[in-house]
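Undergrad: pasting a predicted model and its sequence here:
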Amino acid sequence: MTARNAFYAQSGGVTAAINASACGVIEAAREHPDAIGKVYAGRDGIVGALTEDLIDTSCESPAAIAALKHTPAGAFGSARYKLKGFDQNQAEYERLIEVFKAHDIGYFFYNGGGDSADTCLKVSQLGEQMGYPIQAIHVPKTMDNDLPLTDCCPGFGSVAKYTAVSIREASFDLASMCKTSTRVFILEVMGRHAGWTAAAGGLASDEDGRDPHILLFPEVTFDEAAFLARVDECVKRDGYCTIVASEGVRNADGQFLADAGSTDAFGHTQLGGVAPTLANLIKDRLGHKYHYAIADYLMRAARHIASATDIEQAYAVGRAAVEYAMAGKSGVMVTIERESDDPYRWSLGEAPLDQVANVERKMPAEYISADGFHITEACRRYLAPLIAGEDYPPFVHGLPQYTRLQNVAVEKRTGRSFQV
């Protein structure tokens with residue numbers, strides 16, 4: 001068997017766990033020298049393949065690659081770039097083949113969410129459409145937890161842990177000051193169409209159902225009157241009200257409360273902040289003093305409070321992607337299969353990419369309370385294992401020590417440039 005090189009890239013919004021998957025891919029690939037020559041990483045995702053901007057990961061020491069497991073964000077750069085259909089932009093696919101041929105790339109590992117699964121599916125079809133043999137495996141990643149056919153998505157567990165910890169701590173703060181100061185606190189979390197991240201805030205609730213008092217999900221139409229009534233009720237009963245709101249909350253007309261009027265590179269509506277919208281509503285209608293926080297990048301980069309379960313799974317799916325390729329598989333996504341809740345047991349599986357790409361998994365109705373403002377026990381049983389355990393990075397002088405790779409560029413071989 002003649003060894004061929006592999007291409008690995010990171011796509012979409014990065015997480016605290018995506019580099020753990022990179023570590024898994026690279027370490028596993030190094031264990032198969034007879035089949036895989038070098039692992040080339042795309043600088044800034046698939047853009048690196050199109051522009052022939054490749055990184056030679058063989059220049060990195062085993063210690064540096066291992067350190068990726070506790071380093072947040074994307075070590076090789078990520079991108080929001082979606083390949084168009086083959087009939088819409090054949091030039092992109094011809095360019096990919098050109099670069100892959102020039103660098104003898106026979107394996108494609110793409111680490112990302114739903115749009116990335118679509119890209120990986122298209123690459124897997126190159127062999128049929130353009131006569132170029134390549135095995136493409138999708139390595140799941142999304143903090144939104146919205147990929148189908150997998151129990152959970154690497155990256156989500158750590159964001160869920162951050163959300164639950166943050167709202168619990170903020171609630172203690174609010175409770176101690178509400179008599180003479182702030183009475184309402186809103187934590188805005190990511191989640192455009194699926195409310196998994198907001199739901200994670202519900203794990204912070206004690207048996208009395210407080211802290212947070214209210215969760216707002218994209219799956220539940222925002223009812224202004226009901227919302228204001230619940231806020232006022234909580235303030236009168238407990239002296240304060242804590243809220244976790246998904247950025248994707250919509251009104252009865254289907255419009256985002258925080259629509260900023262623009263779109264990103266994937267064509268998704270750019271959201272402008274639901275927390276200040278809700279805060280102003282509360283102030284104008286109820287007169288309560290408020291504070292809010294938009295977690296945004298802080299939550300997805302928070303490696304210091306990562307879930308041990310999440311990091312373990314992120315690393316495992318990276319390794320599995322290589323093993324699946326060695327077994328001759330292509331056009332599939334590595335999946336996480338839940339075997340039991342308590343004790344939490346899981347294994348790895350696979351799903352065909354044509355059933356994953358561009359499909360969003362939203363929260364099921366049985367995970368949302370009847371009033372639409374909280375989670376059910378079923379949801380709590382699902383979420384609790386995903387935030388379990390701590391996997392702290394090493395600390396030096398009081399700060400986490402993260403790694404920065406050399407990211408040595410591979411010499412270009414095609415002799416031409418390509419604009420994206």
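TA: Structure received.
Undergrad: rest of the way, CA atoms for contacts and neighbours
TA: Fine.
Undergrad: could you pull out the helices for this structure?
TA: Counting by DSSP state H, the chain has helices at residues 18-30, 46-50, 62-67, 90-102, 114-124, 126-130, 156-177, 196-200, 224-238, 274-286, 297-300, 308-326, 377-383.
Undergrad: list the helices and strands the fifth one packs on?
TA: On a contact count with 3 or more CA pairs under 8 Å, 6 or more residues apart in numbering; DSSP states H and E, helix 114-124 meets strand 105-112, strand 135-140.
Undergrad: taking helix 90-102 as reference, get the angle to that helix.
TA: Relative orientation of helix 114-124 and helix 90-102, computed by axes from the mean of the first three to the mean of the last three CA atoms, to 10 degrees: 70 degrees.
Undergrad: same deal with the longest one?
TA: For helix 156-177 against helix 90-102, the angle between stretch directions is 110 degrees (the same axes, to 10 degrees).
Undergrad: export helix 156-177 as CSV, just CAs?
TA: Coordinates of the C-alpha atoms in helix 156-177 are reproduced here as CSV (Å, rounded to 0.1, in the frame of the first residue of the first chain):
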residue,chain,number,x,y,z
PHE,A,156,-21.2,21.7,23.2
GLY,A,157,-20.4,20.1,26.6
SER,A,158,-17.9,22.8,27.4
VAL,A,159,-20.1,25.6,26.4
ALA,A,160,-23.0,24.0,28.4
LYS,A,161,-20.7,23.8,31.4
TYR,A,162,-19.7,27.5,31.0
THR,A,163,-23.3,28.5,30.7
ALA,A,164,-24.5,26.6,33.8
VAL,A,165,-21.5,27.8,35.9
SER,A,166,-21.8,31.4,34.8
ILE,A,167,-25.5,31.8,35.5
ARG,A,168,-25.2,30.1,38.8
GLU,A,169,-22.4,32.5,39.9
ALA,A,170,-24.2,35.5,38.5
SER,A,171,-27.4,34.5,40.4
PHE,A,172,-25.6,34.4,43.7
ASP,A,173,-24.3,37.9,42.9
LEU,A,174,-27.8,39.2,42.0
ALA,A,175,-29.4,37.7,45.0
SER,A,176,-27.0,39.5,47.3
MET,A,177,-27.6,42.9,45.8
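Undergrad: which parts of that helix are buried?
TA: Residues of helix 156-177 classed as buried: 156-168, 170-171, 174-175 (neighbour count, 16 or more other CA atoms under 10 Å).
Undergrad: can you list contacts of stretch 349-366?
TA: Stretch 349-366 is contacted by residues 114-118, 120-121, 138, 145-149, 193-196, 219, 331-337, 376, 378-379 when judged by CA atoms under 8 Å, 6 or more residues apart in numbering.
Undergrad: now, of these, which are buried?
TA: Among the contacts of stretch 349-366, those scoring as buried are 114-118, 120-121, 138, 145-149, 193-196, 219, 331-337, 376, 379 (criterion: 16+ other CA under 10 Å).
Undergrad: could you chop the chain up by domain?
TA: 4-154+305-359+390-400, 156-303 (automatic domain parsing).
Undergrad: what's across from Ile137 in the sheet?
TA: Counting by DSSP bridges, Ile137 is bridged to Phe109, Val332.
Undergrad: how many neighbouring residues does it have?
TA: Using other CA atoms under 10 Å, Ile137 has 32 other residues around it.
Undergrad: mind listing what it touches?
TA: By CA under 8 Å, 6+ apart, the contact set of Ile137 is 108-110, 120, 321, 324-325, 329-334.
Undergrad: now do the contacts for Ala66.
TA: Ala66 neighbours (CA under 8 Å, 6+ apart): Cys23.
Undergrad: so how far is Ala20 from it?
TA: 8 Å (CA to CA, to the nearest Å).
Undergrad: output the contacts of Ile137 in CSV; the columns should cover pLDDT and distance to Asp211.
TA: Formatted as CSV, these follow (pLDDT from 0 to 100; distance: CA to CA, whole Å):
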residue, pLDDT, distance to Asp211
Phe108, 97, 45
Phe109, 98, 41
Tyr110, 97, 38
Cys120, 93, 41
Ala321, 98, 40
Tyr324, 98, 44
Ala325, 97, 46
Lys329, 96, 46
Ser330, 95, 46
Gly331, 95, 44
Val332, 97, 41
Met333, 98, 37
Val334, 98, 36
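Undergrad: quick one: which of the residues you listed is nearest Val274?
TA: Nearest to Val274, judged by CA to CA, of these is Tyr110 at 31.7 Å.
Undergrad: what about the closest one, how many residues nearby?
TA: Tyr110 has 31 nearby residues by other CA under 10 Å.
Undergrad: give the contact list for it.
TA: By CA under 8 Å, 6+ apart, Tyr110 lies in contact with 8-11, 116-117, 120, 136-139.
Undergrad: closest to Arg43 out of those residues?
TA: Scanning the contacts of Tyr110 for proximity to Arg43, where the rule is CA to CA, the winner is Ala9, at 7.4 Å.
Undergrad: I'd say that closest one and Ala75 touch.
TA: No: counting by CA atoms under 8 Å, Ala9 sits too far from Ala75 to count as a contact (9.8 Å).
Undergrad: mind checking which of these two has more residues around it?
TA: Just comparing Ala9 and Ala75: by other CA under 10 Å the higher neighbour count belongs to Ala9, 30 against 23.
Undergrad: quick check: the gap between that one and Gly74.
TA: Between Ala9 and Gly74 the computed distance is 9 Å (CA to CA).
Undergrad: coming back round to it: mean pLDDT lowest for which of the helices of the chain?
TA: Across the helices of the chain, helix 126-130 has the smallest mean pLDDT, namely a mean of 79.
Undergrad: so what touches that one?
TA: With contacts defined as CA under 8 Å, 6+ apart, helix 126-130 is touched by 93, 132-134.
Undergrad: kindly export that helix (C-alpha atoms) in PDB.
TA: Extracted C-alpha coordinates of helix 126-130, given in PDB (Å, rounded to 0.1, in the frame of the first residue of the first chain):
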ATOM      1  CA  LEU A 126     -15.300  14.200  -6.200                       C
ATOM      2  CA  GLY A 127     -14.300  10.600  -6.900                       C
ATOM      3  CA  GLU A 128     -17.500  10.000  -8.800                       C
ATOM      4  CA  GLN A 129     -17.900  13.300 -10.500                       C
ATOM      5  CA  MET A 130     -14.300  14.100 -11.400                       C
END
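Undergrad: please state the offset of that helix from the chain centre?
TA: Relative to its parent chain, helix 126-130 has a centroid offset of 30 Å by CA atoms, centre = their mean, to the nearest Å.
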